[in-house]
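**Q** Here is the input, now give the coordinates:
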Amino acid sequence: MSFSMNVKKELAENEYENGCCKRSMLYGLCIFGKSFSESRISIQTESECIAAVYSRLLKQIFNIKTKTVVSPHGRNYTVTVSEKSDAAKLFKAFGHEKGSSLKINHSNFDCENCANAFIAGAFLSCGTISSPEKDYHLEFTVPYLNLSKSLFTMLDEMELNPKYIYRYGYNVVYFKESESIEDCLYLMGASDAMFEMMNIKIVKDFRNKANRRANCETANIGRMVNAASEQLRAIEKIWKVKGKDYLPENLSEVAKIRYENPDSSLAELAELCNPPLSRSGVNHRLKRIVEISEEL
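**A** Now for the predicted structure:
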């Protein structure tokens, strides 16, 4: 099961103590479903659990019966309010009028938790979330512009910092920042998914830091090896062309120590000198040796 389906399963299994929150969740399921009008109300989902929750809430709160149609391969469930008169009744019960622009009716929220339950219902109807192993992305795909604007404003007022994009004929309200996604999951009631995401993020951050450190160390080793190779070639050239006594005493000592310790770092070479030199002192002398070899 995908991470997105796990989130929806957790939300669908939540039990609300207050009847107003159950009603708000149902409102979110309805208004962001496949169709929501005075003549037809339905949702389409890949989850049998969501289809069951939708039907149960309609029966429990409004005593409305539904009809469920399963696709041939069992991949989609379309749940529709059976009677047209019931659709009109439900449409009016949520405070909507025929011909009016579809927007969120905040009068349906009676307690401080109703808005969170509503967002959970909206996510069950039209939301998806990427696996945090791959990417940080949560979105609500909404067919109606004014409804998407209404949702955007609501999420923005919750300080979740949503973003908006128009994609392939749909209005998409989404989040890309991991902190905003975590906050949204928490508000909706998907705390298990939120903690799972946080744990995955910690592991990813640790792995990325380890990779950056390893890459940095590899690059440093590569630079050190290249520099040592250049220095050894320079020393061999000077000795071959001019002999081992050509360099002044201070450079000759460093040249000999480098030649005898090809894999040592500058700091290690500095300690081998008599008396010991600083790392920059050794580096300066080796650069001078390379310059002398280039002048020959």
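**Q** which residues sit in contact with residue 92?
**A** For residue 92, the contact set (CB atoms under 8 Å, 6 or more residues apart in numbering) comprises residue 38. In this view, the C-beta of every residue, glycine as well, is placed from N, C-alpha and C.
**Q** Let me know the pLDDT of it.
**A** Looking at residue 92, its pLDDT stands at 94.
**Q** isn't there a helix covering it?
**A** Yes - counting by DSSP: H, G, I helix; E, B strand; the rest coil, residue 92 is found in a helix.
**Q** Quick check: the gap between it and residue 49.
**A** 29 Å (CB to CB, to the nearest Å).
**Q** Then residue 9?
**A** Residue 9 is 6 Å from residue 49, by CB to CB.
**Q** can you give me the helices in the stretch 1-150 of the chain?
**A** With DSSP state H, counting those that start in this stretch, the ranges of helices along the stretch 1-150 of the chain come out as 3-12, 19-31, 48-62, 84-93, 114-126, 145-157.
**Q** The lengthiest helix in the chain - contacts with which helices or strands?
**A** As assigned by DSSP state H, the longest helix anywhere in the chain is helix 191-242. Counting contacts by 3 or more CB pairs under 8 Å, 6 or more residues apart in numbering; DSSP states H and E, helix 191-242 is packed against helix 3-12, helix 178-188, helix 249-260, helix 279-295.
**Q** now it, how far from the chain's geometric center?
**A** Distance, stretch centre to chain centre, for helix 191-242: 26 Å (CA atoms, centre = their mean, to the nearest Å).
**Q** what do you get for stretch 87-95?
**A** Centre to centre, stretch against its chain (CA atoms, centre = their mean), the figure for stretch 87-95 is 38 Å.
**Q** Could you list the buried residues of that stretch?
**A** Residues 87, 88, 89, 90, 91, 94 are the ones in stretch 87-95 that count as buried (16 or more other CB atoms under 10 Å).
**Q** The residue of the chain most remote from its centre: what's it in contact with?
**A** Using CA atoms, centre = their mean, the residue of the chain lying farthest from its centre is residue 245. It sits 64.0 Å away. Applying CB under 8 Å, 6+ apart, we find residue 245 in contact with residue 252.
**Q** repeat that for 10 Å
**A** With contacts defined as CB atoms under 10 Å, 6 or more residues apart in numbering, the neighbours of residue 245 are 239, 252.
**Q** And residue 84, by the same measure?
**A** So residue 84 contacts 38, 39, 40, 41 (CB under 10 Å, 6+ apart).
**Q** The first one and residue 94: what is the separation?
**A** Residue 38 sits at a distance of 11 Å from residue 94 (criterion: CB to CB).
**Q** nearest to residue 61, of the buried residues of stretch 87-95?
**A** Distance to residue 61, by CB to CB, is smallest for residue 90 among those, at 9.5 Å.
**Q** separation between that closest one and residue 81?
**A** Taking CB to CB, one finds residue 90 at 6 Å from residue 81.
**Q** Can you tell me which of the contacts of residue 84 are buried?
**A** 38, 41.
**Q** Out of the contacts of residue 84, the closest to residue 229 would be?
**A** Nearest to residue 229 among these, with distances taken as CB to CB, is residue 41, at 75.5 Å.
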